[in-house]
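Trainee: give the three-dimensional model of this entry:
(one chain, ligands or ions: 1)
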Amino acid sequence: MSASSPRGTRIAHIGIAVPALDAILPFYRDVLGMPEVPLDDADGARIAGVAAGESLVELLESEQPDSPIGKFLAKRGAGIHHVCFAVDDLDGTLAKCKSAGLRLIDETPRIGAEGKRIAFLHPSSTGGVLVELSEH
Ligand code: CO
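Mentor: Okay, here's the model as predicted:
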């Protein structure tokens, strides 16, 4: 378990909302040379992943206008949607966030695009950035 081998908090991925995956993927994959990583679709978004060392960039394309990414694109346009931090103890960190009075979007962890347990924190509690916490 992660508790016995702590790795420390690190950036797991950055999620970027894009109008069309096919239009932007070549920049990351072909120009910057970042290897493509297969990811599951999640939350009404089609997701393409590219590796940046141990971290990922997730390109998020809306599949439905009323999905979280669809709403984000309509309101804010393309851009950074969220930052995901991998933590050693997701449940413990989430409990700490709760007791610190932070606004949680997910009260309990669920499965994210990488197949890992994740939970989102509300931007109003995190300096205006949608923060996702995940297990390593
Ligand atoms: Co994410």
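
Trainee: for C97, give me phi and psi.
Mentor: For C97, the backbone dihedrals (degrees, to the nearest 10) come out as phi -60, psi -40.

Trainee: mind pulling the model confidence for it?
Mentor: On pLDDT, C97 comes in at 98.

Trainee: what of Q64?
Mentor: For Q64, the pLDDT comes out at 88.

Trainee: burial count for it?
Mentor: 12 (other Cβ atoms under 10 Å). Backbone N, C-alpha and C define where each C-beta goes, glycine included.

Trainee: what about the strands in this protein?
Mentor: Using DSSP state E, the strands of the chain run over residues 10-18, 36-37, 45-52, 55-62, 79-87, 110-111, 117-121, 131-135.

Trainee: looking at these, which one is packed in the most?
Mentor: For the strands of the chain, ranked by mean neighbour count under the definition mean count of other Cβ atoms under 10 Å, the leader is strand 55-62 at a mean of 23.

Trainee: that strand and the ion in contact?
Mentor: No. Between strand 55-62 and the ion, judged by Cβ under 5 Å from the ion, nothing touches; the nearest distance is 5.5 Å.

Trainee: what pairs with that strand, parallel or antiparallel?
Mentor: Strand 55-62 has the following strand partners under DSSP bridges: strand 10-18 (parallel), strand 45-52 (antiparallel).

Trainee: can you list these in CSV and add mean pLDDT?
Mentor: Output for those, formatted as CSV (pLDDT from 0 to 100):
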stretch, mean pLDDT
strand 10-18, 97
strand 45-52, 96
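
Trainee: out of those, which is closest to the ion?
Mentor: Taking Cβ to the ion, strand 10-18 is the member of the strands paired with strand 55-62 nearest to the ion, at 4.5 Å.

Trainee: return the distance of the closest one from the chain's centre.
Mentor: 5 Å (Cα atoms, centre = their mean, to the nearest Å).

Trainee: and the angle from it to strand 79-87?
Mentor: 160 degrees (axes from the mean of the first three to the mean of the last three Cα atoms, to 10 degrees).

Trainee: do strand 10-18 and the ion meet?
Mentor: Yes. Remark: strand 10-18 sits within contact range of the ion at G15, by Cβ under 5 Å from the ion.
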